[in-house]
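S.K.: only geometry, no sequence info:
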């Protein structure tokens, strides 16, 4: 997929693990880290979520909000959050429509064979709703949260 950088973020409206509805409109004026991941409580997804958890205080200092997105249910999200003490909201996109809009769904190689599914990716949306940075295919779930923090700090320093 081509990058979303410099474009207005696709419209979305999803329910969070806290029961609240999150949308472009409700997040206007905030810097948002919207990260897409395949499944709650799986090895790579847990490493990525715990990375965002461990850097959450530093990310919050930049004024950014972290939101994870997967197709899992709100109940599964709550269990995942509680188990790993995740301090951010997880959004449910059961039909994958938001995944599609952000290029987080498509063909990928998994265990040597081509499949279609969630592509681990992240968008950094500025307070104006414009995508500032797009990682269309995250290379390392474990290292990615630090990359996002570095980008946020760079944005902060102009």
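M.R.: In hand now; what should we look at? Only a predicted model underlies this, so the values are computations on that prediction, with no experimental measurement involved.
S.K.: Can you work out which other helices and strands pack against the helix or strand bottoming out on mean pLDDT in the chain?
M.R.: Across the helices and strands of the chain, mean confidence by mean pLDDT, DSSP states H and E is lowest for strand 105-110: a mean of 84. Packed against strand 105-110 by the contact rule (3 or more CB pairs under 8 Å, 6 or more residues apart in numbering; DSSP states H and E) you find strand 113-118. (Glycine included, C-beta is placed from N, CA and C.)
S.K.: following the strand it packs on, which helix or strand comes up?
M.R.: strand 121-125 (DSSP states H and E).
S.K.: Other residues contacting that next one?
M.R.: 4, 9, 27, 31-36, 64, 102-104, 131-138, 144, 148, 151-152, 155 (CB atoms under 8 Å, 6 or more residues apart in numbering).
S.K.: From the residues you listed, which land in helices?
M.R.: 27, 144, 148, 151, 152, 155 (DSSP state H).
S.K.: From residue 66, how far out is the nearest residue to residue 32 once chain neighbours are set aside?
M.R.: Counting by CB to CB, 6 or more residues apart in numbering, residue 125 is the residue found nearest to residue 32 once chain neighbours are left out, at 4.4 Å. Using CB to CB, to the nearest Å, one obtains 12 Å as the distance from residue 125 to residue 66.
S.K.: Just the contacts of strand 121-125: which are in strands?
M.R.: Per DSSP state E, strands hold the following members of the contacts of strand 121-125: 31, 32, 33, 34, 35, 36, 64, 131, 132, 133, 134, 135.
S.K.: which of those residues has the most neighbours?
M.R.: The most crowded member of the ones in strands among the contacts of strand 121-125, judged by other CB atoms under 10 Å, is residue 35 (28 neighbours).
S.K.: what's the closest non-adjacent residue to that residue?
M.R.: Closest to residue 35 by CB to CB, 6+ apart is residue 122, at 4.3 Å.
S.K.: doesn't residue 44 fall inside a strand?
M.R.: No. Under the criterion used here (DSSP: H, G, I helix; E, B strand; the rest coil), residue 44 is helix, not part of a strand.
S.K.: The most centrally placed residue in the chain bridge partners, please.
M.R.: By CA atoms, centre = their mean, the mean C-alpha position of the chain lies nearest to residue 35, the distance being 1.1 Å. Legend: beta-bridge partners of residue 35 under DSSP bridges are residue 68, residue 122.
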